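Undergrad: Sequence and computational prediction follow.
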Amino acid sequence: MPTFHLLSMRTFLTTLILSLSGFTLLVAQGIQFHEGTWLSALEQAGRDNKLIFMDCYTTWCGPCKMMDRQTFPDASVGELYNEQFINVKMDMEKGEGIDLARAYNIQAYPTLLFLDPAGQVVHRVAGFHKPDQFIELARTALDPNRKLQALDEQYVHGDRDAGFLYSYAYVRLNAMDGSHYPVALEYLATQEDWSITKNMEFIFDFAEYVDGDLFRYIIEHRSDYVEHYGPTAVNRKIDEVINLANFYREPDWDQLKQLLQDIYPNDVDRQLAYFQMNFYMQSGQIDDFTRAALDFYKIYPATDADALNDAAWSFYEHVQDPKALKEAVKWAQQAVKWADNYYNNDTLAALYAKLGKKSKARKVALHAIELAKASGQDYSLTQELLDQL
């Protein structure tokens, strides 16, 4: 074959490979986020006649980072979202995000908003979504019969069918904007028997006020719920409701103690000390939290690895006093002794690092990563800690 043809063929193959490589890169890319102001995103949505998808995130949000790593780069996700939406990524604690968080009543992260070009919400959910879940979410937002906006209109126009109220309550719950509880009460008002499994589970999902009928029902039928969910889940639910009630203002501790006497008749003092400790942490009273936590675990030694790990991690995040942090290290060490898993080792590594014990931190972090790899868990945050040592 003449040299001319050999060169031509080689050039042709090189061009084809480069073209195919470029095509592969183009297809494989994930979501392309809009670069510009919020106003420019609205204007582009109007010109293109598209909905806006907005990822409402914060820099400290773990599930937000998981979406960045696992979901947004997915090729199938990018193909659908880039075609159907103007995609916006907005830090809710910086710049325009501060006002947007207030305007859209963002209460959890990540919150995933779908809006029309006028900025009106057509659908919203909160929480981490895997790629397949995220794709289904887009299809729901695009479906005129399933999106939140359509369900809102159905509700406003007076649909009070029990089946609709049941489904609508969960949709509003997943929106995480605080609008779900009245709908839940409306559904239960249609039910003569709260004790059937479907309604018991519904009540368990929606109970959130210590003085509400739903929480009182759980307390009065606690044995039934323990039989259905197990004691650990029921106790966790009770703790969540009481903590939620005490989140925004310091409670009447005497009144809370009376409530705890109904719930934990043989464990009132320990439970009261536990909720005081959590209140101080949640309300940002770090000195009081530190004191309460040290006293609590001195008087009431933990027997649960998860509880110790949670306490140790709270100290890592909020406490600066080295003496107190050394106590947290002891808690984390005990948690690892009881349960040698990724999360407990990650906490211990972080505490060592905060105390400047880099060698110990590096050793434990490497072990945590090994455990994460073996169990298929995300260890990127531990890797970041290791890289900083």
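TA: Yep, it's here.
Undergrad: Of all residues in this structure, which one is nearest the centre?
TA: Using Cα atoms, centre = their mean, the residue of the chain that lies closest to the mean C-alpha position is residue 127, 4.6 Å off.
Undergrad: Convert the host helix or strand of residue 141 to CSV, retaining C-alpha atoms only.
TA: Using DSSP states H and E, residue 141 sits in helix 131-142. What follows is helix 131-142, C-alpha atoms only, in CSV (Å, rounded to 0.1, in the frame of the first residue of the first chain):
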residue,chain,number,x,y,z
PRO,A,131,-28.7,8.7,40.9
ASP,A,132,-31.8,6.5,40.1
GLN,A,133,-33.8,8.2,42.9
PHE,A,134,-32.7,11.6,41.6
ILE,A,135,-33.8,10.7,38.1
GLU,A,136,-37.2,9.6,39.3
LEU,A,137,-37.4,12.9,41.3
ALA,A,138,-37.0,14.8,38.0
ARG,A,139,-39.7,12.8,36.4
THR,A,140,-42.0,13.6,39.3
ALA,A,141,-41.2,17.3,39.1
LEU,A,142,-42.0,17.2,35.3
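Undergrad: Buried residues of it, list them for me.
TA: Buried positions in helix 131-142, judged by neighbour count with 16 or more other Cβ atoms under 10 Å: 131, 134-135, 137-138, 140-142. For every residue, glycine as well, the C-beta is placed using N, CA and C.
Undergrad: same check, this time on stretch 170-190
TA: Of the residues in stretch 170-190, 170-173, 175-177, 180-181, 183-184, 186-188 count as buried by neighbour count, 16+ other Cβ under 10 Å.
Undergrad: Filter those down to just the ones in helices.
TA: Judged by DSSP state H, the buried residues of stretch 170-190 include 170-173, 175, 181, 183-184, 186-188 as members of helices.
Undergrad: Tell me the one of the residues you listed nearest residue 98?
TA: Distance to residue 98 across those (Cβ to Cβ) is lowest for residue 175, with 20.6 Å.
Undergrad: measure the nearest residue to that closest one once chain neighbours are set aside to residue 371 for me?
TA: Spatial nearest neighbour of residue 175, chain neighbours left out: residue 124 (4.7 Å); criterion: Cβ to Cβ, 6 or more residues apart in numbering. Distance of residue 124 to residue 371, given as Cβ to Cβ, to the nearest Å: 36 Å.
Undergrad: ok, now residue 350?
TA: 15 Å.
Undergrad: quick one: stretch 334-347 to chain centroid distance?
TA: 22 Å (Cα atoms, centre = their mean, to the nearest Å).
Undergrad: Show residues contacting it.
TA: 302, 305-306, 308-309, 312-313, 316, 332, 348, 364-365, 367-368, 371-372, 375, 377, 379, 381-382 (Cβ atoms under 8 Å, 6 or more residues apart in numbering).
Undergrad: which of those are buried?
TA: Using 16+ other Cβ under 10 Å, the buried ones in those are 302, 305-306, 308-309, 312-313, 316, 332, 348, 364-365, 367-368, 371-372, 379, 382.
Undergrad: show me where this structure has strands.
TA: 51-57, 85-91, 111-115, 121-126 (DSSP state E).
Undergrad: how far out from the middle of the chain is the first one?
TA: Pointing back at strand 51-57 there. How far strand 51-57 lies from its chain's middle: 16 Å, per Cα atoms, centre = their mean.
Undergrad: Can you point out the buried residues in it?
TA: The neighbour-count check on strand 51-57 (16+ other Cβ under 10 Å) flags 51-57 as buried.
Undergrad: pLDDT at the closest residue in space to residue 69 that isn't next to it in sequence, what is it?
TA: Spatial nearest neighbour of residue 69, excluding adjacent residues (Cβ to Cβ, 6+ apart): residue 380 at 6.4 Å. We have a pLDDT of 91 for residue 380.
Undergrad: Check residue 257 too.
TA: The confidence metric pLDDT takes the value 87 at residue 257.
Undergrad: so who does it touch?
TA: By Cβ under 8 Å, 6+ apart, residue 257 lies in contact with 268, 272.
Undergrad: again, but for residue 235
TA: Per Cβ under 8 Å, 6+ apart, neighbours of residue 235: none.
Undergrad: Please read off the pLDDT at it from the model.
TA: Model confidence at residue 235, given as pLDDT, is 88.
Undergrad: Report the rounded mean pLDDT for stretch 190-205.
TA: When pLDDT is averaged over stretch 190-205, the result is 97.
Undergrad: I'd say residue 294 and residue 327 touch.
TA: Yes. Counting by Cβ atoms under 8 Å, residue 327 is a contact partner of residue 294 at 6.1 Å.
Undergrad: one step back: and the strands of the chain as a markdown table, adding mean pLDDT and distance to residue 235?
TA: As requested, those are exported to a markdown table (pLDDT from 0 to 100; distance: least, Cβ to Cβ, whole Å):
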| stretch | mean pLDDT | distance to residue 235 |
| --- | --- | --- |
| strand 51-57 | 97 | 32 |
| strand 85-91 | 97 | 36 |
| strand 111-115 | 97 | 29 |
| strand 121-126 | 95 | 25 |
